[in-house]
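S.K.: Sequence isn't available, so here's the structure alone:
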């Protein structure tokens, strides 16, 4: 499961897990669903489409944490920066979404962004720019 990171790639969950995420990197608790699934909010994706798919955490796992891990990305350089834009929804009062960076020479994950959702129950978007001189995962 490897991603060369050579070009811009739109990533959605319409047919399966998006190309940037490995199937075996999906921890238990993540559900691929759409707004019509009857599970509860959100009832639509970030563009207002109720049949479009997205990932949510199951209600059973909300007291703990669950991770999504990307494929391996190649190092960035002056000509090729890595920008990741994502849409997210935080519904519970104590939920925190964090984005971490793990370089291949390091065992630790460095937290590079987080949001605990003061403005809740709405879709928000964020773009992160990543610079790394070695292969990495997000």
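M.R.: Yes, it's here. The structure displayed is predicted, hence computed values, not measured ones.

S.K.: how distant is stretch 47-65 from the center of its chain?
M.R.: Centroid separation between stretch 47-65 and its chain, computed with Cα atoms, centre = their mean, to the nearest Å, is 11 Å.

S.K.: same question, stretch 78-92
M.R.: Centroid separation for stretch 78-92 versus its chain: 8 Å, with Cα atoms, centre = their mean.

S.K.: Not counting its own residues, what contacts that stretch?
M.R.: 5, 41-42, 45-46, 54, 56, 62, 73, 76, 96-97, 99, 115-117, 120-132, 138 (Cβ atoms under 8 Å, 6 or more residues apart in numbering). Quick note: C-beta positions are derived from backbone N, CA and C, even for glycine.

S.K.: Which of those residues are buried? Put it as a ChimeraX command.
M.R.: Selecting only the buried entries of those in ChimeraX, with 16 or more other Cβ atoms under 10 Å as the criterion:
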select :5,42,45,46,54,56,73,76,99,117,132,138
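
S.K.: bridging residues for residue 70?
M.R.: Beta-bridge pairing for residue 70 (DSSP bridges): residue 21.

S.K.: Count the neighbours of it for me.
M.R.: Using other Cβ atoms under 10 Å, residue 70 has 20 other residues around it.

S.K.: any idea of the pLDDT on it?
M.R.: We note a pLDDT of 87 for residue 70 in this prediction.

S.K.: separation between it and residue 64?
M.R.: 21 Å (Cβ to Cβ, to the nearest Å).

S.K.: Kindly report the same for residue 112.
M.R.: From residue 112 across to residue 64, the span is 22 Å (Cβ to Cβ).

S.K.: So between the two, which is more surrounded?
M.R.: Taking neighbours as other Cβ under 10 Å, residue 112 and residue 64 compare with residue 112 leading, 13 against 8.

S.K.: quick one: which helix or strand includes that one?
M.R.: strand 110-115 (DSSP states H and E).
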